[in-house]
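Q: structure, please.
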Amino acid sequence: MPANTTNDAARDEAAAVPGTQAGNTPQPAAPTTPPAPAEATAPAEAVAPLLRGIAVLRRLTEADGGTLSLSALEKATGLARSTVDRVTATLARMDYVRLDGRDVTLAPRLMELGNAYLAALRLPALLSARADALADELDESVSLAVGDRDGIRFIHQATRRRAMSLSFRIGDLLPAERTAPGPLFATEWTETDWQRWHDRRASDPQDRAFPAVPPREHAAPDTDFELRTARAAADGWALDDQLIEPGLIAISAPVRDPRTGRVACVASVVSHTSRHTAEDLCTTLLPRLRSAVRSMEDDLRTAPPPEPGAPPAGLATWTGASKQELGREFIESLARGLTVLTAFGEGRSPLTLTEVAKATGLARATARRALITHEHAGLVTPTPDRHAFTLTPRVLSLGFPPLSRTSLPQIAQPHLTALADRVHESASLAVLADSGEEIQYTARAATSRVMSAHVAVGTRLPAHATSLGRVLLADLPTADSRSEVRTQGYALVDQELEAGLRSLAVPVRDRTGRAVAAVNVAMHAARRTAAACVTDLLPELKETAGRIEADLRVAGRFRSVPLT
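A: Residues are numbered from 1 along each chain as shown. Okay, here's the model as predicted:
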């Protein structure tokens, strides 16, 4: 709390958490993340629609491809079909999911929740460059992980592109005992943590609660992990010799917080027995891993304090609109509750109740109930004095793992389909090929017309002869800065590539402003004049490009989005 905060305000903040009363000694914070909904009865003040929405997002996260039918969601969550319909309609209105007939699919915009946690954590921003450099040096996959109760979650992945891929997704949860980072985190577990781990092992001996790993075939005694933890405490590093699946090996070292000396995260080098033996990891790769870890700890030591920035724009979208504007099926309490998570970020963690309410535009009572609900769901945890809150790694369980593998064509496809439906013409996405002389089509949406432009995904065409290529060429550093295409922001090609074919394209830009792709509409010249293309189609194209860019900015904040 700020030094000038009054005692009354402090008591008001303390009242945000059940079990803490003004004037009483604050209760200690939970040793790790608070219990999940399935493990405890929800507090009376918890927001039931928010818990239902969280349950829906978690079931979608666990589903193959982040997609389930409405009936499958009804079965997976145990919710009434009418409730599932309203929850998914609300999430779709927020652009957190997409509805396609009876199917519900996670949408890239949902990653803003996980981004809030990763930004507040700061570790990916401060350490990912070191992890990437180590991966390049060793030609092996390198990951950063944090502890999440009796498991670990990945917060960064630097992978190698090989036929035998050895990486998990950002946000994936793994049981601590089947990983190299696990014993290092367990060196700091309390008796309560160990008891929770024993209870989980007894209730889930095959690790069915961890979809990211294969089910355990042969149970190992609890003493195995206890001995590995003791060895990790003595050695300062830990080894995974095919604990997750045959052939996969990893070695880990802790990155310690210079202020507290505790484990901030764990860096791991992951390989395969066809490339290294477990002994090789210890003798050859461990010294280089430890050197990288020392550099990471130096980075943490010298990093300037985060500058408290403004919360993301538009957080009050779901607070200022009337019920009539939002519609009868829209669940305001769900939207407002999820909005609370996005109030956190770099320089904005921990946050008091007052700060959360101010950032989101929510009434204090509404923000308070949302925080109580999120604490019960394990998404936020109070500070030791219980006057403020921080996000937990469990926020990554809301869609981040499957979405962290999303490519630009996957991001663009639904927007291209919507564009083609609106203008009744074919729409495409393309990138500049490595040669710089050709474009490659990476996504498209066709129209149902008898006569329409048809180009298969993967097709390459001369960049200079296409509207897509001209937009991309105009953005290159070597391009003439006076280029008409660069100045006007679009390219129109009128029957130059093929007689009768007319196309209009605009750029798609990443977070840095670089044109990484282009989107176009192509049609027969008889349907629209060149002038009509600019008048009728350019606004639609720009709107579509803007939607793709918005999703790309969210998806690419803490990872590199594949362009093809």
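
Q: C-alpha from now on. contacts and neighbour counts both.
A: Noted.

Q: pretty sure residue 463 sits against residue 434.
A: No - contact criterion CA atoms under 8 Å: residue 463 and residue 434 do not qualify, at 11.6 Å.

Q: ends of stretch 142-158, how far apart?
A: 5 Å (CA to CA, to the nearest Å).

Q: how about stretch 199-219?
A: End-to-end for stretch 199-219, by CA to CA: 14 Å.

Q: for it, which positions count as buried?
A: 201, 205, 207, 210, 212-213, 216 (16 or more other CA atoms under 10 Å).

Q: which of these lies closest to residue 63?
A: Distance to residue 63, by CA to CA, is smallest for residue 212 among those, at 10.9 Å.

Q: can you confirm that closest one is in a helix?
A: No - assigned with DSSP: H, G, I helix; E, B strand; the rest coil, residue 212 falls outside any helix and is coil.

Q: for residue 463 and residue 434, indicate the residue with more neighbours.
A: More crowded of residue 463 and residue 434, by other CA atoms under 10 Å: residue 463, with 21 against 9.

Q: can you tell me how far that one is from residue 359?
A: 46 Å.

Q: could I have stretch 334-353 exported to PDB, CA atoms only?
A: C-alpha atoms of stretch 334-353 as PDB (Å, rounded to 0.1, in the frame of the first residue of the first chain):
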ATOM      1  CA  LEU A 334     -18.700 -13.400 -16.600                       C
ATOM      2  CA  ALA A 335     -17.300 -10.700 -18.900                       C
ATOM      3  CA  ARG A 336     -16.500  -8.400 -16.000                       C
ATOM      4  CA  GLY A 337     -14.900 -11.100 -14.000                       C
ATOM      5  CA  LEU A 338     -12.500 -12.100 -16.800                       C
ATOM      6  CA  THR A 339     -11.800  -8.400 -17.500                       C
ATOM      7  CA  VAL A 340     -10.300  -8.300 -13.900                       C
ATOM      8  CA  LEU A 341      -7.500 -10.600 -15.000                       C
ATOM      9  CA  THR A 342      -6.400  -8.200 -17.800                       C
ATOM     10  CA  ALA A 343      -6.000  -5.300 -15.300                       C
ATOM     11  CA  PHE A 344      -2.600  -6.900 -14.200                       C
ATOM     12  CA  GLY A 345       0.600  -6.600 -16.200                       C
ATOM     13  CA  GLU A 346       4.100  -5.300 -16.100                       C
ATOM     14  CA  GLY A 347       4.400  -2.700 -13.500                       C
ATOM     15  CA  ARG A 348       0.800  -3.500 -12.400                       C
ATOM     16  CA  SER A 349       1.300  -6.400 -10.000                       C
ATOM     17  CA  PRO A 350       0.400  -6.800  -7.200                       C
ATOM     18  CA  LEU A 351      -2.700  -4.700  -7.400                       C
ATOM     19  CA  THR A 352      -5.000  -3.700  -4.500                       C
ATOM     20  CA  LEU A 353      -8.800  -3.900  -4.800                       C
END
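
Q: once you drop chain neighbours, what's closest to residue 374?
A: For residue 374, ignoring the flanking residues on the chain, the nearest one in space by CA to CA, 6 or more residues apart in numbering is residue 380 at 5.6 Å.

Q: got the domain boundaries for this structure?
A: 7-114+308-403, 123-302, 409-555 (automatic domain parsing).

Q: dump those domains to JSON lines, plus distance to residue 562 and mean pLDDT.
A: What follows is those, written out as JSON lines (distance: least, CA to CA, whole Å; pLDDT from 0 to 100):
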{"stretch": "domain 7-114+308-403", "distance to residue 562": "12", "mean pLDDT": "83"}
{"stretch": "domain 123-302", "distance to residue 562": "12", "mean pLDDT": "93"}
{"stretch": "domain 409-555", "distance to residue 562": "9", "mean pLDDT": "90"}
